[in-house]
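A.B. asks: Have a look; sequence and predicted model below, questions after that.
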Amino acid sequence: MKNKNFYSGLKNALRGLQNAVRSERNLQIELFAFAINLVLFAILDLTHVEIALVLFVCALVLCMELVNTGIEKIADFMEPNWNDKI
């Protein structure tokens, strides 16, 4: 179903993120590691470039985890029974 406007699309996207954070253990661990990085930024004397690179890598890891979660959900939908190939 297509979203009627930007805000309904944003609401659906945030609901999906909330669902992923609640149900995916690896995503929870990666978010915790991201929070540790934020604390370390305050402690360590890093340049703006170093901070930007760490944030970029953290964002990339989180995005790939969400892509992986989506692929897993599609695979589970296509083959609900256990399959060693999936």
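C.D. replies: Okay, I see it.
A.B. asks: which residues of the chain score low on pLDDT?
C.D. replies: 1-3, 86 (pLDDT under 70).
A.B. asks: hang on, residue 20 packs against residue 66?
C.D. replies: Yes: with contact defined as C-beta atoms under 8 Å, residue 20 counts as touching residue 66 (6.1 Å). Glycine gets a C-beta too; all of them are placed from N, C-alpha and C.
A.B. asks: any residues in contact with both of those two?
C.D. replies: Common contacts of residue 20 and residue 66 (C-beta atoms under 8 Å, 6 or more residues apart in numbering): residue 27.
A.B. asks: where's the most centrally placed residue in the chain, which helix or strand?
C.D. replies: Closest to where the C-alpha atoms of the chain average out (C-alpha atoms, centre = their mean) is residue 62, at 3.7 Å. Per DSSP states H and E: residue 62 is located in helix 48-78.
A.B. asks: Show me what that helix is packed up against.
C.D. replies: helix 6-23, helix 25-43 (3 or more C-beta pairs under 8 Å, 6 or more residues apart in numbering; DSSP states H and E).
A.B. asks: relative to helix 48-78, how tilted is the longest one?
C.D. replies: Helix 25-43 and helix 48-78 meet at an angle of 170 degrees, taking axes from the mean of the first three to the mean of the last three C-alpha atoms, to 10 degrees as the criterion.
A.B. asks: Next: the first one.
C.D. replies: Orientation of helix 6-23 against helix 48-78 (the same axes, to 10 degrees) gives an angle of 80 degrees.
A.B. asks: Pull out the buried residues from helix 6-23.
C.D. replies: Buried residues in helix 6-23, defined by neighbour count with 16 or more other C-beta atoms under 10 Å: residue 20.
A.B. asks: again, but for the longest one
C.D. replies: Within helix 25-43, the residues that qualify as buried are 27, 30, counting by 16+ other C-beta under 10 Å.
A.B. asks: Please name every helix or strand in contact with it.
C.D. replies: Going by 3+ C-beta pairs under 8 Å, 6+ apart, helix 25-43 lies up against helix 6-23, helix 48-78.
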